[in-house]
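[1] got a predicted structure here, sequence first:
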Amino acid sequence: MDPLTILAGLKTGLAAGKTVAGLSKQIGEFFDGVDDLRAAHERKKNSLFSGSDENAMETFVNLQRAKDAEEELRQIVIATRGFSAWGELQAIRVQARKDRKAKIEAERKRKAKLIERII
């Protein structure tokens, strides 16, 4: 999902009185969306087939918007929970990213093993 859309929902939730902790699922989705945009930008940037400057520019602009949205979320978290909460949130995000990569790698190895057994 688009991080900007999720950020708008987070702002609405906070304005309605929800806590940052109560919006943890949406915050996780926000970070997943930002990470997906970063990955898409890297794939486009490093692709042999992406000769179109328009596509590269589109992913770049999307990435910049996501960075701006992330900064806005940082300001919201710091304003409502303090600077230490942002640090904790970043640590959780790093661990979630590591867990996701490990899961993807384990699935890749499982598939490779399965193919090896078949061949």
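    The structure has been received and is ready for your questions. Numbers count the residues shown, from 1 in each chain.
[2] poorly predicted segments of this structure, please.
    47-55 (pLDDT under 70).
[3] which parts of this structure are helices?
    3-15, 24-46, 53-81, 83-118 (DSSP state H).
[4] what comes up buried for the shortest one?
    Read it as helix 3-15. Within helix 3-15, the residues scored as buried using 16 or more other Cβ atoms under 10 Å are 3-4, 6-7, 10, 14. The way it works is simple: take the backbone N, C-alpha and C, and place the C-beta from them, glycine included.
[5] stretch 20-30 now?
    20, 23, 26-27, 29-30.
[6] check stretch 92-102 too.
    In stretch 92-102, counting by 16+ other Cβ under 10 Å, buried: R93.
[7] quick revisit: can I get the buried residues of helix 3-15 in a markdown table with distance to M57?
    A markdown table is the format used below for the buried residues of helix 3-15 (distance: Cβ to Cβ, whole Å):
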| residue | distance to M57 |
| --- | --- |
| P3 | 18 |
| L4 | 18 |
| I6 | 23 |
| L7 | 22 |
| L10 | 27 |
| L14 | 33 |
